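S.K.: Structure, please.
(2 chains)
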Protein chains: 2
Amino acid sequence: MENEIITLGHGSGAGLTRELISDILKPTFDLLSLEDSVQIDENIVITTDSYVVNPLFFPGGNIGKLAVTGTVNDLAMKGARPAFLMMAFIIEEGLPLKDFRKIVSSIAKAAKESQVKIVAGDTKVVEKNRGDGIFITSSGVGYLPKGMYLGTDRIKPGNKILINGSIGDHAISVINARNNLGLEPAPKSDCASLHDLVIKITETGKVNFLRDATRGGVAAIMNEVVQETGYGIIINEKNLPVKENIEAVCELLGLDPLYLANEGKLTVFASDDHEDILRIMKKQETGKDSALIGEVTDEFTGVFLRTEIGSLRPILMIDSDPLPRIC
Amino acid sequence: MENEIITLGHGSGAGLTRELISDILKPTFDLLSLEDSVQIDENIVITTDSYVVNPLFFPGGNIGKLAVTGTVNDLAMKGARPAFLMMAFIIEEGLPLKDFRKIVSSIAKAAKESQVKIVAGDTKVVEKNRGDGIFITSSGVGYLPKGMYLGTDRIKPGNKILINGSIGDHAISVINARNNLGLEPAPKSDCASLHDLVIKITETGKVNFLRDATRGGVAAIMNEVVQETGYGIIINEKNLPVKENIEAVCELLGLDPLYLANEGKLTVFASDDHEDILRIMKKQETGKDSALIGEVTDEFTGVFLRTEIGSLRPILMIDSDPLPRIC
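M.R.: Residues are numbered from 1 along each chain as shown, chains lettered A, B, ... in the order given. Predicted coordinates:
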């Protein structure tokens, strides 16, 4: 125990990250949970997230856009209306100023599109090889509409699980850019603010819980929900939206899209009137390919995939995301 | 211009950092100023700061304690009562878990002492030599008492400038630890939350402006105030509290304590009844060595040091802090 060290797996968002949180951070900070966003007041939600994606630029986005959309989405998942962002930069000496300008411009553009205002910031510089281009920590404040509450305690057996489009795009886009896999056309990250879509679907009052499928992918979220509710979840493989090119790369690299990080995808836990919600989702730019992918049950616990041939395969929480530094 | 890069000086908190802010961040984010803390609401102040201090542990503190006290102080400088903190960790692969535990424990202890609650967090891990042990970004939320407003626009000619104790302790403590200078006894960082002291002095209603003397030291703050107000400032060298051992090291290394970072020192701009405030400050644990160090004037602009022999020496804003990664 004395010689234990932090490994890349501790940052993957999967099992080891959760261990770090539940074994060290939660007890030391005397907290019931340590999420990246939290309600602090009758109507205020705050959130923080560090972005260390490598490479800094990838098709569909860059670390700056990601730092905005990721934090906006964290607030939106609580049903809050994102309002203010703060940006803290840790820059490695030698970063070209033109890259910094490009990143900062992307931040400004994404913030404008997400209707949030950048209000504060910080800049630190570290020596060469003590950082990696740039790391960005973005923190946000959002306002909760009166009576808005989304939580796993609202999830009930029979609830349907929806997703707003294809999975795996972000992870594969980054991996392709990082490792020069040369995929053509280059897969594009789904990196996007979901806050407009969330406003539309939460207005129905039929949404019980939302979570964005970032690090650890859809698999991690489903396992979290099962842990917190004790219910079971069945995901239907044939309904899972996965783009053909993404599926092909996954097969080649031995990756499962269910475990891959997305940056513009959320899962929706909804009551039986889910058809309404699906219709609303499909009308949104960020929800055109929305699909009903699964259901909550109280007949067993755990997460299972109903495969295309009809068998049930357990979807376990893995210790470590196979792809580090994806966000 | 095309080949410009980010240098260590851009992170020093001095002139180059300000250039980055005024040339790139402010115009791109469409802001009048980009401070590390800001009032977003009738009664709410938020703030963010990244900590990259090297080494992680130094006499008087560590990066965890610093991340709490620094952020608490940023809120306090606005007159706000610090309430909530969020902690985002970027950890270099290989950091011993026992170091992480130690840092997290310091965070918990400092938060308790500062009466703030850690409510959210994030953990990322980067590969070896892509980080440096651990970087921490802490963001905070504080509540402003009704009617509380502190700003440079409240500063008037004749205002007195007070400080709550000796300067340079933090910077020299870190430098000694980083470079194994072997100073005995090892200088201790002044790293401390000032929020109790701020509550006491702001209750008098006689405080116009507060600023903590972190990166860039007292010299940077004074120059900022002069830039924003157009007034002049005279600092009396003979009143400046500098510990003997710190002064000795500064002479040896050719450093000026006025430019050194502190982590438990604030400057107070107060009306003529400053004697009351000084008395209150001296009663606080963090203000025992408080002193009247200068005065605001409208007879000229700029910052000047009245030296012990009576001459006036201009205190200019420097481009780059001589000591990088001090916080």
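S.K.: is chain B contacted by the longest helix along chain A?
M.R.: In chain A, ranked by residue count with DSSP state H as the criterion, the top helix is helix A:97-113. Yes - Helix A:97-113 lies within reach of chain B by C-beta under 8 Å from any C-beta of the partner chain, at A:97, A:98, A:100, A:101, A:104, A:105, A:107, A:108, A:111. For every residue, glycine as well, the C-beta is placed using N, CA and C.
S.K.: which residues does the first one contact?
M.R.: Going back to what we said before, that points to residue A:97. Residues in contact with residue A:97, defined by C-beta atoms under 8 Å, 6 or more residues apart in numbering or on different chains, are B:1, B:4, B:5, B:6, B:24.
S.K.: Point out the least confident one among those.
M.R.: Of all these, residue B:1 has the smallest pLDDT value, namely 53.
S.K.: all strands of chain A, in order?
M.R.: Along chain A, the stretches classed as strands by DSSP state E are A:37-39, A:44-51, A:57-58, A:61-62, A:81-92, A:117-126, A:134-143, A:160-163, A:207-212, A:232-236, A:266-270, A:291-297, A:302-306, A:312-314.
S.K.: Now render the ones you listed as TSV, adding mean neighbour count and mean pLDDT.
M.R.: As requested, those are exported to TSV (neighbours: other C-beta atoms under 10 Å in any protein chain shown; pLDDT from 0 to 100):
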stretch	mean neighbour count	mean pLDDT
strand A:37-39	21	92
strand A:44-51	26	97
strand A:57-58	20	98
strand A:61-62	24	98
strand A:81-92	25	97
strand A:117-126	24	94
strand A:134-143	28	98
strand A:160-163	24	98
strand A:207-212	22	97
strand A:232-236	21	98
strand A:266-270	26	98
strand A:291-297	20	98
strand A:302-306	20	97
strand A:312-314	11	96
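S.K.: For these, give me CSV that also has distance to residue B:148.
M.R.: Supplementary listing: the strands of chain A in CSV, determined by distance: least, C-beta to C-beta, whole Å:
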stretch, distance to residue B:148
strand A:37-39, 25
strand A:44-51, 19
strand A:57-58, 43
strand A:61-62, 39
strand A:81-92, 20
strand A:117-126, 18
strand A:134-143, 19
strand A:160-163, 46
strand A:207-212, 37
strand A:232-236, 49
strand A:266-270, 39
strand A:291-297, 48
strand A:302-306, 50
strand A:312-314, 56
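S.K.: quick one, which of these is nearest to chain B?
M.R.: Across the strands of chain A, chain B has its closest neighbour in strand A:117-126 (2.7 Å, C-beta to the nearest C-beta).
S.K.: mind exporting the closest one as CSV, just the C-alpha atoms?
M.R.: Extracted C-alpha coordinates of strand A:117-126, given in CSV (Å, rounded to 0.1, in the frame of the first residue of the first chain):
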residue,chain,number,x,y,z
LYS,A,117,-20.7,34.1,-20.5
ILE,A,118,-17.0,33.6,-19.6
VAL,A,119,-16.6,35.8,-16.6
ALA,A,120,-13.3,34.9,-14.9
GLY,A,121,-10.1,33.0,-15.6
ASP,A,122,-6.5,32.2,-14.6
THR,A,123,-3.3,31.5,-16.6
LYS,A,124,-0.3,29.5,-15.3
VAL,A,125,2.7,28.4,-17.3
VAL,A,126,4.9,25.3,-16.6
